[in-house]
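Enquirer: Make a model of this:
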Amino acid sequence: MGKTVKVGMVGTGFVGDLHHAAFKGWVHNADVVAVASPHNAAKFAEERGIASHYSDYCALLKDKEIDVVDIEFPYDPPKVSKPIDLWKRFNLEILESFL
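Expert: Next up, the predicted model:
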């Protein structure tokens, strides 16, 4: 068995619930170790046995224990262009920080 990948999730709504269930039930060698949400991160983490929670995703990104970050947002075609644009800019900023 390989290394367990430690996952940090950004988002605790309906999609966050689905992603957590997927990691827990079907993704082998993955463990959700942290969650971030400005609304209910503590409650979400406590109910699901997640060790760490943050009200700000920036704090989650600084957590050295996390190997991969899973970002959740619901798919709504009329509204999806803005989140995707933000996601692209977010990833570019992350990539640029390593250069």
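
Enquirer: hey, what's the residue positioned nearest the centre of the chain bridged with?
Expert: Central residue of the chain (CA atoms, centre = their mean): M9, 1.8 Å from the mean position. As for beta bridges, M9 partners with V35, D70 under DSSP bridges.

Enquirer: wouldn't it be in contact with A34 here?
Expert: Yes - judged on CB atoms under 8 Å, M9 makes contact with A34 at a distance of 7.3 Å. (C-beta placed from N, C-alpha, C; glycine too.)

Enquirer: Show me how far the host helix or strand of D17 is from its chain's centre.
Expert: Element membership of D17 [criterion: DSSP states H and E] is helix 14-25. Here helix 14-25 is found 10 Å from its chain centre; the criterion is CA atoms, centre = their mean, to the nearest Å.

Enquirer: Could you do stretch 57-75 as well?
Expert: 4 Å.

Enquirer: ok, back up a step: look up how far S37 lies from the residue nearest to the centre of the chain.
Expert: 9 Å (CB to CB, to the nearest Å).

Enquirer: For those two, list the residues in contact with both.
Expert: Any residue near both M9 and S37 by CB atoms under 8 Å, 6 or more residues apart in numbering counts here, and that gives G16.

Enquirer: What residues of stretch 25-40 count as buried?
Expert: 30, 32-37, 40 (16 or more other CB atoms under 10 Å).

Enquirer: before we move on, what about stretch 59-68?
Expert: The neighbour-count check on stretch 59-68 (16+ other CB under 10 Å) flags 60-61, 66 as buried.

Enquirer: where in this protein is pLDDT low?
Expert: Scanning the chain for pLDDT under 70 picks out the ranges 1, 73-99.

Enquirer: Go again with 80.
Expert: Across the chain, residues meeting the criterion (pLDDT under 80) sit at 1-2, 73-99.

Enquirer: Strands along that one, start to end?
Expert: 5-10, 30-36, 52-54, 68-71 (DSSP state E).

Enquirer: can you list those strands in JSON lines and add distance to H20?
Expert: JSON lines is the format used below for the strands of the chain (distance: least, CB to CB, whole Å):
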{"stretch": "strand 5-10", "distance to H20": "7"}
{"stretch": "strand 30-36", "distance to H20": "6"}
{"stretch": "strand 52-54", "distance to H20": "13"}
{"stretch": "strand 68-71", "distance to H20": "9"}
